[in-house]
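**Student:** got a predicted structure plus its sequence, pasted below:
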Amino acid sequence: MRFPLHITTDAIQHQARQGLKGNKRFPMVLMLEPLYTCNLACLGCALERHTGKLEDRVALDDCLQAVEDTGAPIVSICGGEPTIYPELKELLEGIISRKRHIYLCTNALLLDTKLFGKVDPHKRLTINVHLDGMQKTHDLVCDRAGVFDKAIEMIRQAKRLGYHVTTNTTVFKETEMSEVEELCKAVSELGVDGMMISPGYQYESVDRDIFLSRQEIQTKFKRVLELSKEYRLMSTPMYLEFTAGLREYNCSPWSTVTFTPRGWKGPCYLIGKKYYGSWEEFWNGVDWEYWESRQDRLCQNCMMHSGFEASAVFELKKSPRDMVRMAMWNLAG
């Protein structure tokens, strides 16, 4: 299966429970940013995401309370660089004990010293390594030589040790799709368990002309759609058809909620119009209908999976054909 059975069944059960409660909106993923501290300053990253002080990190208990508050079956731990978080072992163990699934999003530079030998492989833990291209491109994006080679070695080592490993690649304006295909081939040969390819979207605090217009996304992701037929990509066929301009969806910003050192980020992972001190203030304070409509200027070029992958899944019930396609896609992974 493309996704492990326990992740698939837990996600389905979560949706069913929310449906029985009559909830139209509910989180599927918690983006947990326990710190803004990072050991890189990548070109496509927001300023606050690599300049934070370690002492300003979110307390362990507050991180675990955020997991409880959302009820989301999947927790994506990002940052900053989460392997720098001093309480990482306790955080991972606390989330696993709550029967949530973890994607540890990392540049992989510290895996050998911060994770391996300290946190054992577990079916609920996935190491998600960020790779934005082959060696020259990735090191350029990360603004440091040697990052690509270290990440590849850490992937090899993680697989040898028995961890579940995926990769995440952002496509920018200058990204050559031939290089994306080369990267898919390279990481597939390493035995990774899945690959995520996402269109770059501009954080409000990033002032660089490296991001894609809507038309550019559609052009490049027509090629990604083709690659999905050959490689183990994790995005659903319906979402990829959306990014290729073959479908249209409203956004589901509430499906992926974000907790940071500044509090709950609203309305979404990418747009921080306001930060809220409590879950209740955030959940009840965001105008979800407005942000779903995509009418805000900040939403015009956004086709990020954090907002639209859930929309694609929730729309399945309207099409038995798509439901069959989805099942076959997962089984064929």
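**Tutor:** Yep, that arrived. Residues are numbered from 1 along each chain as shown.
**Student:** tell me where the stretch 51-200 of the chain has helices.
**Tutor:** 60-70, 88-97, 111-114, 135-142, 147-161, 177-189 (DSSP state H, counting those that start in this stretch).
**Student:** tabulate those (CSV), appending mean neighbour count and mean pLDDT.
**Tutor:** In this view, the C-beta of every residue, glycine as well, is placed from N, C-alpha and C. Output for these, formatted as CSV (neighbours: other C-beta atoms under 10 Å; pLDDT from 0 to 100):
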stretch, mean neighbour count, mean pLDDT
helix 60-70, 17, 98
helix 88-97, 18, 98
helix 111-114, 17, 97
helix 135-142, 19, 93
helix 147-161, 18, 98
helix 177-189, 16, 97
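**Student:** out of these, nearest to F282?
**Tutor:** Among the helices of the stretch 51-200 of the chain, the nearest to F282 by C-beta to C-beta is helix 60-70 (9.1 Å).
**Student:** so how far is that closest one off the chain centroid?
**Tutor:** 19 Å (C-alpha atoms, centre = their mean, to the nearest Å).
**Student:** what inclination does it have with respect to helix 88-97?
**Tutor:** Angle of helix 60-70 versus helix 88-97, following axes from the mean of the first three to the mean of the last three C-alpha atoms, to 10 degrees, is 20 degrees.
**Student:** using CSV, write down the CA coordinates of helix 60-70.
**Tutor:** The C-alpha coordinates for helix 60-70 follow below in CSV (Å, rounded to 0.1, in the frame of the first residue of the first chain):
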residue,chain,number,x,y,z
LEU,A,60,6.9,20.1,25.8
ASP,A,61,3.5,20.1,27.7
ASP,A,62,2.2,22.8,25.4
CYS,A,63,3.1,20.8,22.3
LEU,A,64,1.3,17.7,23.6
GLN,A,65,-1.7,19.8,24.6
ALA,A,66,-1.9,21.0,21.0
VAL,A,67,-2.0,17.4,19.9
GLU,A,68,-4.9,16.8,22.2
ASP,A,69,-6.7,20.0,21.3
THR,A,70,-6.8,19.3,17.5
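**Student:** touching it from outside, list them.
**Tutor:** By C-beta atoms under 8 Å, 6 or more residues apart in numbering, the residues outside helix 60-70 that reach it are 27, 30, 32, 34, 75, 87, 90-91, 94-95, 98, 100, 257, 259, 279.
**Student:** one more: stretch 250-257?
**Tutor:** Residues from elsewhere that reach stretch 250-257 (C-beta under 8 Å, 6+ apart): 25-31, 70, 72, 264, 267-269, 282-283, 286, 288, 291-294, 299, 302, 306-311, 314.
**Student:** starting at the chain centroid, how far to it?
**Tutor:** Relative to its chain's centre, stretch 250-257 lies at 13 Å (C-alpha atoms, centre = their mean).
**Student:** and it, what's buried?
**Tutor:** For stretch 250-257, a neighbour-count test (16 or more other C-beta atoms under 10 Å) marks 251-257 as buried.
**Student:** if I look at V129, how far off is V192?
**Tutor:** Separation of V129 from V192 (C-beta to C-beta, to the nearest Å): 8 Å.
**Student:** er, N284 I mean
**Tutor:** 40 Å.
**Student:** next: E216.
**Tutor:** Taking C-beta to C-beta, one finds E216 at 27 Å from V192.
**Student:** more neighbours, these two?
**Tutor:** Per other C-beta atoms under 10 Å, whichever of E216 and V192 has more neighbours is V192, with 23 against 17.
**Student:** low-scoring stretches of the stretch 201-333 of the chain, by residue?
**Tutor:** Residue ranges of the stretch 201-333 of the chain with pLDDT under 70: 201-212, 333.
**Student:** can you show me the helices along it?
**Tutor:** 214-227, 237-243, 279-285, 288-292, 305-314, 320-331.
**Student:** could the ones you listed go into a markdown table alongside distance to K21?
**Tutor:** Formatted as a markdown table, these follow (distance: least, C-beta to C-beta, whole Å):
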| stretch | distance to K21 |
| --- | --- |
| helix 214-227 | 35 |
| helix 237-243 | 25 |
| helix 279-285 | 14 |
| helix 288-292 | 17 |
| helix 305-314 | 15 |
| helix 320-331 | 22 |
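**Student:** who wins for proximity to A16 among the ones you listed?
**Tutor:** helix 305-314 (12.6 Å).
**Student:** and that closest one, which residues are buried?
**Tutor:** By 16+ other C-beta under 10 Å, the buried positions in helix 305-314 come out as 305-314.
**Student:** do the same with stretch 314-321
**Tutor:** Residues of stretch 314-321 classed as buried: 314-316 (neighbour count, 16+ other C-beta under 10 Å).
**Student:** helix, strand, or coil at D10?
**Tutor:** The three-state label given to D10 by DSSP: H, G, I helix; E, B strand; the rest coil is helix.
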